[in-house]
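**Student:** Provided below are the primary sequence and the corresponding predicted coordinates.
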There are 2 protein chains.
Amino acid sequence: MSSFKQGPHKLLVIPGPIEVSDEVLFANAHPSVAHTSAEFVPVFGDCIRMMRWEGQPFIVSGSGTLGWDMVASNLVEVGESALVLHSGYFADSFAECLETYGAHVDQVKAEVGRAVALGDVKAALSAKKYKVVTLTHVDTSTGKESFTLLCVLSDIKAVSEVVRKVSPETLIVLDGVCSVASEEIRMDAWGIDVVLTASQKGLGTPPGLSILVASLRAIKVFETRSTPVSSYYASWKKWLPIMKAYESGAGAYFATPPVNLIYAFNASLKQITRGSVSLEDRFRMHREASQKVKAAVTQLGLKQLPIDPACAANGMTAIYFPEGVAASAVIPVLSSKGIVVAGGLHKSCKDKYFRIGHMGITVVQPERGDIDKLIQGLRETFGQK
Amino acid sequence: MSSFKQGPHKLLVIPGPIEVSDEVLFANAHPSVAHTSAEFVPVFGDCIRMMRWEGQPFIVSGSGTLGWDMVASNLVEVGESALVLHSGYFADSFAECLETYGAHVDQVKAEVGRAVALGDVKAALSAKKYKVVTLTHVDTSTGKESFTLLCVLSDIKAVSEVVRKVSPETLIVLDGVCSVASEEIRMDAWGIDVVLTASQKGLGTPPGLSILVASLRAIKVFETRSTPVSSYYASWKKWLPIMKAYESGAGAYFATPPVNLIYAFNASLKQITRGSVSLEDRFRMHREASQKVKAAVTQLGLKQLPIDPACAANGMTAIYFPEGVAASAVIPVLSSKGIVVAGGLHKSCKDKYFRIGHMGITVVQPERGDIDKLIQGLRETFGQK
């Protein structure tokens, strides 16, 4: 444990990047090390082992977006069909990525602010054969008319049951960019074939790692494809031997791994998997922190979304600006109190709502006081002055 | 300037990652910041501006390898032809990447340990029309029989003149992964359309950034292509608006940028472009350090490659193990003296030679004493005990 302390800074409570611990940042400042050295290989190997529990991990230099390319170019062949369960903004992009690599994409769209209806999923899978079905765990719902963006939590378990029953061969792909390590995910038990995410959300590491875990079934589908993989950088043909080498204790080269970020990821994974808070407690604490924030927001008379709490994400909260209150009267005011929240992703809705992220150490280290500071800031900003 | 000092560690003199300054590592440990915040936008914007001098920069989360995908998927359309000037290992991979995205690839192969012959380039370009010609600035030559790997420096200026004369419309793409900021490159004056590189070589930043600069001519070719870009994550259609937004002072979103690495890159670029050493002095110092290392190696009776000094890289030195001396009698011995050098890239040649990198602060901060320490270590290891 080092004595490194990050400097004073505003509390970052956006849906990623999130607050990162001193240990993780110090690891990110590790002196340069050779990527195939005896010193580094076990550090990378440990990351793979810590992510391996339910499948084959891929840890690749890139943003979360790259995970879509991995799915589209390794698991779907040109001309095959993909079903995108559309609950918002990120589903649109995943669909576009799949089409880029030659998939035929159909979409089942959710109502605004809701998760996709299971009956619709069933009907789609009964009508046509799909190679993959994709699902965004926490999406920001995009209503066509109002362009409202909400934080919608999909019920993966229920969706997975439907897929397994109606179309058992279809691979189930979960975009967990905004959910891994803050929402419960059981790959094996729920029958999920791919979970993809990024380092800067619940995993508590600076951005720059695309992280994906594939079931052995998915790897088998990849290995038995009949056409070449349609991407070079995202190709598992390149990455699988690298992951296997590092996990087995040997260095290997396809592209230089982001050494410092791997040190940082290792430090964060150790805190998550071997720290004093169990994974079960971790998810419970995220649920409780989320309820605390949402209750405070309700108490302030603010409208939040989704209205149905059953599909509300536990790692973030989306709040409408009150009628007549501009974004400029909220976001900079919170910032002046040392609290950074996020506006909308698109200009067209920036003035309608803002988003708060509550993940990682902000939640599992209550002694930091982050949640209390956030709620106090909201109270001071909205009326209870 | 911070007072952060990295811990004691072995001197890393491989062809990347290289030694990184305390300021750069401290920047990599920056507290989490929102990627579209007023605090971060100018930091990213400055990086783009500092790289912009001769074209449109792309700074993307990924390894150097991703630069090949950017070229192959944005500049070459399916069925078009690419000419790969093959001087070694990395040219093989670039060719494979181009083929992955549908290009027809022809290669002009160099003799082992030499750069490609200009006459051969001329002949190839006269016989067929190519959309792009690619050239690896510093490659590790791969001889088929002996699999010797050497450090070969291509004469880009001479190649470029031939291309411009014989096939003026062909785009000239330079893989400068092992050369940018340690070898002289004049994009405009020499008529190069794309220079691609990574953060962890001459640019003195931890690995994790794919960096590419495209000429306005290349951007025009991209903008007027008739088929969609064949990659999603590497698509300039996605990245160009992002780069333009950050450069103009506004945040924009396609994928979360690797915020901490951008802070680190910013710190390193400032040292490179605004430090006390001019770019001209920088290149001169790399040439001089290279000559110093190579002269010491010669003095020790060691055989190095390439034999022709005119095509020897200035950022690295490749040395054959003397007859009867095993790699295990050299690399671990140097390591025990606190000096880390690199073996071969492939198992098949690991026992034949080793590589030394001399780039960045190891060269331009002689007060560190890195080069002297390296030479002393070599002397102690090879005979002059």
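**Tutor:** Looks like it came in fine.

**Student:** Wait, A:Ala158 touches A:Ala117, no?
**Tutor:** No - using C-beta atoms under 8 Å, A:Ala158 is not in contact with A:Ala117; the gap is 10.6 Å. Placement of C-beta: from N, CA and C, glycine included.

**Student:** need the contact list for A:Ala289.
**Tutor:** A:Asn314, A:His358, A:Thr362, A:Val363, A:Ile371 (C-beta atoms under 8 Å, 6 or more residues apart in numbering or on different chains).

**Student:** Relative to chain B, how far out is it?
**Tutor:** Distance of A:Ala289 to chain B, computed by C-beta to the nearest C-beta, to the nearest Å: 18 Å.

**Student:** Same check on A:Pro31?
**Tutor:** 4 Å.

**Student:** Mind checking what secondary structure that residue has?
**Tutor:** coil (DSSP: H, G, I helix; E, B strand; the rest coil).

**Student:** Can you pull the phi/psi pair for the nearest residue in space to it that is not next to it in sequence?
**Tutor:** Take A:Pro31 and drop its neighbours on the chain: the residue closest to it by C-beta to C-beta, 6 or more residues apart in numbering or on different chains is B:His9, 3.9 Å away. Here is the backbone geometry of B:His9 (degrees, to the nearest 10): phi -160, psi 160.

**Student:** What is the nearest of the contacts of A:Ala289 to chain B?
**Tutor:** For the contacts of A:Ala289, the residue nearest chain B by C-beta to the nearest C-beta is A:Thr362; the value is 10.2 Å.

**Student:** So among the contacts of A:Ala289, where is pLDDT lowest?
**Tutor:** Across the contacts of A:Ala289, the smallest pLDDT goes to A:Asn314, namely 92.

**Student:** which residues are contacting stretch A:124-134?
**Tutor:** A:71, A:75-77, A:80-85, A:91, A:94, A:98, A:103, A:106, A:108, A:121, A:159, A:162-163, A:166-167, A:169-175, A:193.

**Student:** out of those, which are buried?
**Tutor:** Listed as buried from the contacts of stretch A:124-134 are A:71, A:75-77, A:80-85, A:91, A:94, A:98, A:103, A:106, A:108, A:121, A:159, A:162-163, A:167, A:170-175, A:193; burial here means 16 or more other C-beta atoms under 10 Å in any protein chain shown.

**Student:** who touches the one residue sitting closest to the centre of chain A in this structure?
**Tutor:** Centroid-nearest residue in chain A: A:Val177, 1.4 Å away (criterion: C-alpha atoms, centre = their mean). Going by C-beta under 8 Å, 6+ apart, A:Val177 touches A:Gly16, A:Gly64, A:Gly67, A:Phe90, A:Thr136, A:His137, A:Val138, A:Leu196, A:Thr197, A:Ala198, A:Lys201.

**Student:** any idea how far it is from B:Glu223?
**Tutor:** 30 Å (C-beta to C-beta, to the nearest Å).

**Student:** again with A:Gln271
**Tutor:** According to C-beta to C-beta, A:Gln271 stands 46 Å off from B:Glu223.

**Student:** same deal with A:Arg164?
**Tutor:** 45 Å.

**Student:** Same drill for the two, tell me which one is more crowded.
**Tutor:** Neighbours were counted for A:Arg164 and for B:Glu223 using other C-beta atoms under 10 Å in any protein chain shown; A:Arg164 has more, 14 against 11.

**Student:** that's a helix at that one, yeah?
**Tutor:** Yes - looking at A:Arg164 with three-state DSSP, it is inside a helix.

**Student:** Leaving aside the residues adjacent along the chain, what's closest to it?
**Tutor:** A:Gly191 (5.2 Å).

**Student:** wait, isn't that neighbour in contact with A:Leu174?
**Tutor:** No - under the contact definition of C-beta under 8 Å, A:Gly191 does not touch A:Leu174, with a separation of 10.7 Å.

**Student:** Low-confidence ranges, the stretch 101-250 of chain A, go.
**Tutor:** For the stretch 101-250 of chain A, the stretches flagged by pLDDT under 70 are A:112-114, A:140-152.

**Student:** again, only using 90
**Tutor:** A:109-117, A:136-156, A:177-179 (pLDDT under 90).

**Student:** If we look just around chain B, which residues of it are in range?
**Tutor:** The stretch 101-250 of chain A comes close to chain B at residues A:101, A:198, A:200, A:206-208, A:228-235, as judged by C-beta under 8 Å from any C-beta of the partner chain.

**Student:** again, only this time at 7 Å
**Tutor:** Within reach of chain B by C-beta under 7 Å from any C-beta of the partner chain, the stretch 101-250 of chain A has these residues: A:Ala198, A:Gln200, A:Pro206, A:Pro207, A:Gly208, A:Pro228, A:Ser231, A:Tyr232, A:Tyr233, A:Ala234.

**Student:** List buried residues within those.
**Tutor:** A:Ala198, A:Gln200, A:Pro206, A:Pro207, A:Gly208, A:Ser231, A:Tyr232, A:Tyr233, A:Ala234.

**Student:** Would you reformat those as CSV and include secondary structure?
**Tutor:** Shown next, in CSV, are those (three-state DSSP):
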residue, secondary structure
A:Ala198, strand
A:Gln200, coil
A:Pro206, coil
A:Pro207, coil
A:Gly208, coil
A:Ser231, coil
A:Tyr232, coil
A:Tyr233, coil
A:Ala234, coil
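
**Student:** quick one: A:Ser61 from chain B, how far?
**Tutor:** For A:Ser61, the distance to chain B - C-beta to the nearest C-beta - is 5 Å.

**Student:** so that residue bridges to which residues?
**Tutor:** A:Leu209 (DSSP bridges).

**Student:** so how many other residues sit close to it?
**Tutor:** A:Ser61: 30 surrounding residues under other C-beta under 10 Å.

**Student:** I'd guessed it sits against A:Val259; true?
**Tutor:** No - assessed by C-beta atoms under 7 Å, A:Ser61 is found out of contact with A:Val259, at 9.8 Å.

**Student:** In contact with A:Gly7, which residues?
**Tutor:** Counting by C-beta atoms under 7 Å, 6 or more residues apart in numbering or on different chains, A:Gly7 makes contact with B:Pro31.

**Student:** and if we set it to 10 Å?
**Tutor:** Applying C-beta atoms under 10 Å, 6 or more residues apart in numbering or on different chains to A:Gly7 gives the contacts B:Ser2, B:Phe26, B:Ala29, B:His30, B:Pro31.

**Student:** PyMOL command for the buried members of these?
**Tutor:** Buried subset of the contacts of A:Gly7, written as a PyMOL selection, criterion 16+ other C-beta under 10 Å:
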select buried, chain B and resi 26+29+30+31
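
**Student:** if you skip the residues just before and after it, what's nearest to A:Ala117?
**Tutor:** Computed as C-beta to C-beta, 6+ apart, the closest residue to A:Ala117 that is not its neighbour in sequence is A:Ala110, at 7.1 Å.

**Student:** I'd say the one you found and A:Cys311 touch.
**Tutor:** Yes - counting by C-beta atoms under 10 Å, A:Cys311 is a contact partner of A:Ala110 at 9.2 Å.

**Student:** so when I look at A:Leu135, I'm seeing a strand, right?
**Tutor:** Yes - applying three-state DSSP, one finds A:Leu135 inside a strand.

**Student:** do you know how far it is from B:Ser179?
**Tutor:** A:Leu135 is 44 Å from B:Ser179, by C-beta to C-beta.

**Student:** quick revisit: residues contacting the residue nearest to A:Pro31?
**Tutor:** B:His9 touches A:His30, A:Pro31, A:Ser32, A:Val33, A:Glu39, B:Glu19, B:Gly338, B:Val340, counting by C-beta under 10 Å, 6+ apart.

**Student:** what about stretch A:13-29, start to end distance?
**Tutor:** Distance across stretch A:13-29, first residue to last, is 23 Å (C-alpha to C-alpha, to the nearest Å).

**Student:** Go through the contacts of A:Val177 and say which is closest to A:Gln376.
**Tutor:** When the contacts of A:Val177 are ranked by distance to A:Gln376 (C-beta to C-beta), A:Gly16 comes first, at 22.7 Å.

**Student:** buried set for stretch A:218-237?
**Tutor:** Residues A:218-219, A:221-222, A:225, A:229-237 are the ones in stretch A:218-237 that count as buried (16+ other C-beta under 10 Å).
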